[in-house]
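Peer 1: all I have is the shape, not the residue letters:
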């Protein structure tokens, strides 16, 4: 019984130390800033996109990238196709401009001056498109 009395007496004393410092607010002191382009506004997505792409070697052992661009807009758009190739840590970029009629597709092709054989051993390929004049 004396043990139970001792534990009952010590319990409030020990837990008082835990509750002596209540948590305080953290975070910014002011309200968040409004978005630069206005509240609730989101940028319009680019209607141009890469639908398909592939690659092959040319007779001169260079890399040829080709594919199709899709225009999701009803207006004609001009896009810049950027083909980025990395071989053994060295990056090479080639671009080509393609006009795509509204609600249709167009084909593109570009030859990148890297060895196709070296690309096949240790290369990476990235193909992107963006509206002409936007980047």
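Peer 2: Yes, it's here. Note that the structure is predicted; figures quoted are calculated from it, not measured.
Peer 1: roughly how far apart are residue 48 and residue 88?
Peer 2: To residue 88, residue 48 is 31 Å away according to C-beta to C-beta, to the nearest Å. (Glycine included, C-beta is placed from N, CA and C.)
Peer 1: of these two, who's got more company?
Peer 2: residue 48 (25 against 10; other C-beta atoms under 10 Å).
Peer 1: list the residues that contact the more buried one.
Peer 2: By C-beta atoms under 8 Å, 6 or more residues apart in numbering, the contact list for residue 48 reads 69-73, 77, 79, 100, 129-131.
Peer 1: just the buried members of those?
Peer 2: The neighbour-count test (16 or more other C-beta atoms under 10 Å) marks 69-71, 73, 77, 79, 100, 129 as buried among the contacts of residue 48.
Peer 1: for these, work out which two are farthest apart.
Peer 2: Longest distance between any two of the buried ones among the contacts of residue 48 is 13.0 Å, between 73 and 129; criterion C-beta to C-beta.
Peer 1: redo the buried ones among the contacts of residue 48 as a markdown table? Include secondary structure and distance to residue 62.
Peer 2: Shown next, in a markdown table, are those (DSSP: H, G, I helix; E, B strand; the rest coil; distance: C-beta to C-beta, whole Å):
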| residue | secondary structure | distance to residue 62 |
| --- | --- | --- |
| 69 | strand | 22 |
| 70 | strand | 27 |
| 71 | strand | 29 |
| 73 | coil | 33 |
| 77 | strand | 29 |
| 79 | strand | 23 |
| 100 | strand | 26 |
| 129 | strand | 21 |
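Peer 1: JSON lines please, covering those residues and showing distance to residue 107 and pLDDT.
Peer 2: Shown next, in JSON lines, are these (distance: C-beta to C-beta, whole Å; pLDDT from 0 to 100):
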{"residue": "69", "distance to residue 107": "8", "pLDDT": "97"}
{"residue": "70", "distance to residue 107": "11", "pLDDT": "97"}
{"residue": "71", "distance to residue 107": "12", "pLDDT": "96"}
{"residue": "73", "distance to residue 107": "18", "pLDDT": "93"}
{"residue": "77", "distance to residue 107": "15", "pLDDT": "95"}
{"residue": "79", "distance to residue 107": "12", "pLDDT": "96"}
{"residue": "100", "distance to residue 107": "10", "pLDDT": "96"}
{"residue": "129", "distance to residue 107": "12", "pLDDT": "96"}
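Peer 1: kind regards, and thank you for your time.
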